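Student: Whatever this is, show me its structure:
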Amino acid sequence: MSRLDSVIRRLKAQRSCLNFVTEMVKKKEGVILELGLGNGRTYDHIRELLPTHEIYVFEREVNAHHDCIPDDEHLFLGDIKDTIARATTKLGRSAVMLHTDIGTGDLDRNAELARWMSKALEPLLLPGAVVISDSQLSIANSKRIDPPADVPQDRYFIYMIEG
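Tutor: So this is what the prediction gives:
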């Protein structure tokens, strides 16, 4: 598969999962967490899907389209390990949805990051929260949900926090 086809497949899966999860969370109170701003496309899509929810974004260095950058109050800037710790202090267990797309081409590094995130994210997630991830996670008290039918198995991962 060409790199172009691969990115198209990834973006279609991402959009499909976000649209699917929106129905699960749109009437719930809580914040949305977006790990990885990138160009801001996903953040912009989430703003359209869930306009009444506050969205907090985590990014190492902002390089997004100027219309897709959150204000300073909603941006955790820096290394993810530092920003998640700051968010846990600032926000506590308040997230009803979390989307993460911060994987790299390095499979070992991605696996290490997924192990770390599985533990680090848990204190931010409300019971009933939904997590969408480009990496397989192992979050305590979570149940994996099948993605929409148009998303290939193990392309994106969706979890519901129980409790």
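
Student: rest of the way, CA atoms for contacts and neighbours
Tutor: OK.

Student: What are the boundaries of the helices in this structure?
Tutor: For the chain, helices defined by DSSP state H occupy the ranges 3-25, 41-49, 80-91, 107-120.

Student: Let's have those helices in CSV, adding mean neighbour count.
Tutor: As requested, those are arranged in CSV below (neighbours: other Cα atoms under 10 Å):
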stretch, mean neighbour count
helix 3-25, 15
helix 41-49, 17
helix 80-91, 15
helix 107-120, 15
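
Student: is it possible to export the ones you listed to a markdown table including mean pLDDT and distance to D101?
Tutor: Rendered in a markdown table, the data for those read as follows (pLDDT from 0 to 100; distance: least, Cα to Cα, whole Å):
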| stretch | mean pLDDT | distance to D101 |
| --- | --- | --- |
| helix 3-25 | 93 | 9 |
| helix 41-49 | 97 | 9 |
| helix 80-91 | 96 | 12 |
| helix 107-120 | 91 | 11 |
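
Student: out of those helices, nearest to V130?
Tutor: Nearest of these to V130, taken as Cα to Cα: helix 3-25 at 7.2 Å.

Student: Show me what that closest one is packed up against.
Tutor: Packed against helix 3-25 by the contact rule (3 or more Cα pairs under 8 Å, 6 or more residues apart in numbering; DSSP states H and E) you find helix 41-49, strand 125-133.

Student: residue closest to the middle of this structure?
Tutor: For the chain, the residue sitting closest to the mean C-alpha position, by Cα atoms, centre = their mean, is H99 at 1.2 Å.

Student: Not counting residues beside it along the chain, what's closest to S118?
Tutor: Counting by Cα to Cα, 6 or more residues apart in numbering, the nearest residue to S118 once its immediate chain neighbours are dropped is I139, at 4.6 Å.

Student: And for A13?
Tutor: Nearest non-adjacent residue to A13, counting by Cα to Cα, 6+ apart: V151, 5.2 Å away.

Student: What's the per-residue pLDDT of the one you found here?
Tutor: Per-residue confidence (pLDDT) for V151: 95.
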